[in-house]
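J.: Just need the structure, nothing else, for what follows:
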Amino acid sequence: MNIQLRHIRCLLAVASEKSFARAAEKLSVSQPALSQTIIQLEETLGFEVFERTTRSVSLTKDGATLCDYAQKLNRSMETFYREVKALQLSRHNFLRVGYLIGTAVEFIPKIMQEFERRRPNATLEFVEYDFTNPDAGLSTELVDCSIFRPPVDTPDIRLVEIAREKCVACLPDGHPLSLQETVTVEQLFDEPFIAAPGNGVWRDYWLAGQYRQGRGARVVFEAATVDSELQAVAMRKGISITAESTARFYARPGVTFRRIANMDDCIIAIGHRQPANPLIKELIDVAIAVTRLPADG
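T.: Residues are numbered from 1 along each chain as shown. The predicted structure follows:
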């Protein structure tokens, strides 16, 4: 029986998306190629996996049973790949670290310096990601670990907090709330918001979704970087919420920052998949040591 991993991945994608077109886009393959792969699978099995109509795609009874088996196999293979990758990295002394733009700006140079001091024979590569990738590459598995501000939608990752900071409102100069020393999150609810592109828990967090009790934010502009976010605020398109360090490292004319008195601190964390190879554990130790240093240290 010639069933390959590509058959399994295609089966799971179509079952999840309930559409050959969406599944093909998710897998970055053409729809005809995906359809042919499913046909090959069904011919090998000797029964139909999907019921197809002009409007919908659904699993047959046998297809649903097969899909359960496929999900178990896929999880096992994902674990296998992660463990092999961790083994490779530990042998090659190389670590690729993603970081979300604007996150841990004051810490990353110190982390790199201390890591290189402790592990002079290891190579540490940092890769920057914008707001369209709030987990800084973990979901695509193009990095070994990443530094970002939770929460994110990425499943099956371990988070280690390395620092936290206050949240601030980014206001256009002259905004009525800029006359206050601090603001409350409730005072921001009716304001037009600058938001990250897409959707998900990370975008919702920076729209203060957890405080709104189901009341949606009025998003008027989307920005993928800190610079474009603050430029939009300076141009009076709307306001935004960000971390206090942004006020120190990205301040510019036209924008006033005010601490949000009743919003919980945001967290900076290192995220990684299990198992963590020794280099990731070393990086976490270094990051914790660096971020716990006094401000003048």
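
J.: Counting neighbours, what do you get for Cys170?
T.: Cys170 has 24 neighbours, counted by other CB atoms under 10 Å. C-beta coordinates here come from the backbone N, C-alpha and C atoms, glycine included.

J.: Within its sheet, name the partner strands of the one helix or strand it maps to and how each one runs.
T.: Using DSSP states H and E, Cys170 sits within strand 167-172. The strands that strand 167-172 pairs with in its sheet are strand 240-243 (antiparallel), strand 255-260 (antiparallel) (by DSSP bridges).

J.: What's the mean pLDDT across that strand?
T.: For strand 167-172, the mean per-residue pLDDT is 98.

J.: So what touches that strand?
T.: Residues outside strand 167-172 that contact it (CB atoms under 8 Å, 6 or more residues apart in numbering) are 177-178, 183, 188, 194, 229-230, 233-236, 239-244, 246-247, 254-260, 263-266.

J.: re earlier: can you add mean pLDDT and give the strands paired with strand 167-172 back as a markdown table?
T.: Output for the strands paired with strand 167-172, formatted as a markdown table (pLDDT from 0 to 100):
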| stretch | mean pLDDT |
| --- | --- |
| strand 240-243 | 98 |
| strand 255-260 | 98 |
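
J.: Figure out which of these is closest to Leu279.
T.: strand 240-243 (27.1 Å; CB to CB).

J.: re earlier: need the buried ones from the contacts of strand 167-172 selected in PyMOL.
T.: To isolate the buried members of the contacts of strand 167-172 in PyMOL, using 16 or more other CB atoms under 10 Å:
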select buried, resi 177+178+183+188+194+229+230+233+234+239+240+241+242+243+246+247+255+256+257+258+260+263+266
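
J.: Tell me which stretches of the protein form strands.
T.: With DSSP state E, the ranges of strands along the chain come out as 50-52, 57-59, 94-100, 123-129, 145-148, 158-165, 167-172, 182-183, 192-195, 218-222, 240-243, 255-260, 266-272.

J.: how many other residues sit next to Asp190?
T.: Neighbours of Asp190 (other CB under 10 Å): 9.

J.: whoops, I mixed them up, Thr37
T.: Neighbour count for Thr37, taken as other CB under 10 Å: 21.

J.: Could you do the one 4 residues further on as well?
T.: Other residues within reach of Leu41 by the criterion other CB under 10 Å amount to 22.

J.: re the thing from before, let me have the strands paired with strand 167-172 in TSV, adding distance to Ser58 as columns.
T.: Shown next, in TSV, are the strands paired with strand 167-172 (distance: least, CB to CB, whole Å):
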stretch	distance to Ser58
strand 240-243	42
strand 255-260	47
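
J.: For Val160, which of those is the nearest?
T.: Using CB to CB, the nearest of the strands paired with strand 167-172 to Val160 is strand 240-243, at 18.0 Å.

J.: which residues are contacting that closest one?
T.: 102-103, 149, 165-170, 188, 193-195, 206-208, 223, 226, 229-230, 232-233, 260, 263, 266.

J.: Just the pLDDT at Gly209, thanks.
T.: 96.

J.: quick one: contacts for the closest residue in space to it that isn't next to it in sequence?
T.: Distances taken as CB to CB, 6 or more residues apart in numbering put Ala217 closest to Gly209, at 7.1 Å, once the chain neighbours are dropped. With contact taken as CB under 8 Å, 6+ apart, Ala217 is in contact with Phe189, Phe193, Ala195, Leu207, Ala208, Gly209.

J.: Any of the residues you listed buried? List them.
T.: Looks like those have Phe189, Phe193, Ala195, Leu207, Ala208 buried, using 16+ other CB under 10 Å.
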